[in-house]
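Visitor: I would like the atomic coordinates for the input below:
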Amino acid sequence: MDLQEEIKQVEKELVERIVEHLKVNKIAVEIARQQAKDFLALLPIEDQRDLLNKLKGLGDKYEEAKEVYAAELGKVNEIVRVRTLEQMRAYIQQGNLDAAIAAAKSIYPPKVVPIDPAQQQNVASLGTLPAIQAAQSAPLSQVPPPIQQSSIAQAQNPPVQQSVIDKKGGQV
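Guide: Residues are numbered from 1 along each chain as shown. All right, here's what the predicted structure looks like:
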């Protein structure tokens, strides 16, 4: 679907949501009119990103626009996910696992969790963890092979040295 068709679809969905909410008295007529005017004021839209940004801004003000924004964002995320999976599949078929992993990471970048300022000093005192950082950035080909289960079992249950005890209770 090209951008103009997408904009018409979004406009249609927004009008449908406004009408739905008018029928159940969820919004006033004046607010519905203003929302329609505000949407038309967003035009022209340059590209998909611009559409999403403008819908998000409108969604901050109106519930109906927020619903349409969420639906559009879901559509875009699905398109990106499918394209990335296709790209990963192609890399895997070529035997390029590092590129496939990089593509997978690009779709789900690491989340940055904000740190409470009160806890920030505790975290700073830990310093960096170079071994973990190096392991995370190492290519798959450099990751050491997994530990064999037999090695783990031997470490957990070391062989017991057996001794023979004679009838009188002494060790032989």
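Visitor: my guess is Glu72 contacts Val10, does it?
Guide: Yes. The pair Glu72 / Val10 is scored as a contact, 6.3 Å apart, by Cβ atoms under 8 Å. (Each C-beta comes from the backbone N, C-alpha and C, glycine too.)
Visitor: what residues are shared contacts of those two?
Guide: By Cβ atoms under 8 Å, 6 or more residues apart in numbering, Glu72 and Val10 have these common neighbours: 51, 55.
Visitor: Leu73 sits in which helix or strand?
Guide: Per DSSP states H and E, Leu73 falls inside helix 63-94.
Visitor: helices or strands up against that helix?
Guide: Helix 63-94 is packed against helix 3-23, helix 29-41, helix 48-59, helix 97-107, with contacts defined by 3 or more Cβ pairs under 8 Å, 6 or more residues apart in numbering; DSSP states H and E.
Visitor: now it and helix 97-107, what's the angle there?
Guide: For helix 63-94 against helix 97-107, the angle by axes from the mean of the first three to the mean of the last three Cα atoms, to 10 degrees is 180 degrees.
Visitor: Could you check how sure the model is about helix 63-94, as an average pLDDT?
Guide: Averaging the model's pLDDT scores along helix 63-94 yields 92.
Visitor: Buried by neighbour count: which residues of it qualify?
Guide: Buried residues in helix 63-94, counted by 16 or more other Cβ atoms under 10 Å: 64-69, 72, 84, 87-88, 91.
Visitor: can you redo those as TSV with distance to Leu42?
Guide: Listed next are these as TSV, based on distance: Cβ to Cβ, whole Å:
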residue	distance to Leu42
Glu64	14
Ala65	10
Lys66	14
Glu67	16
Val68	12
Tyr69	12
Glu72	13
Thr84	29
Gln87	32
Met88	35
Tyr91	38
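Visitor: Name the nearest of those relative to Leu55.
Guide: Nearest to Leu55 among the buried residues of helix 63-94: Tyr69, at 4.0 Å, using Cβ to Cβ.
Visitor: Compute the distance between Ala102 and Ile79, please.
Guide: Ala102 is 20 Å from Ile79, where distance means Cβ to Cβ, to the nearest Å.
Visitor: helix/strand/coil for Glu46?
Guide: coil (DSSP: H, G, I helix; E, B strand; the rest coil).
Visitor: Near it, how many other residues are there?
Guide: Residues contacting Glu46 under the criterion other Cβ atoms under 10 Å number 10.
Visitor: Kind regards, and thank you for your time.
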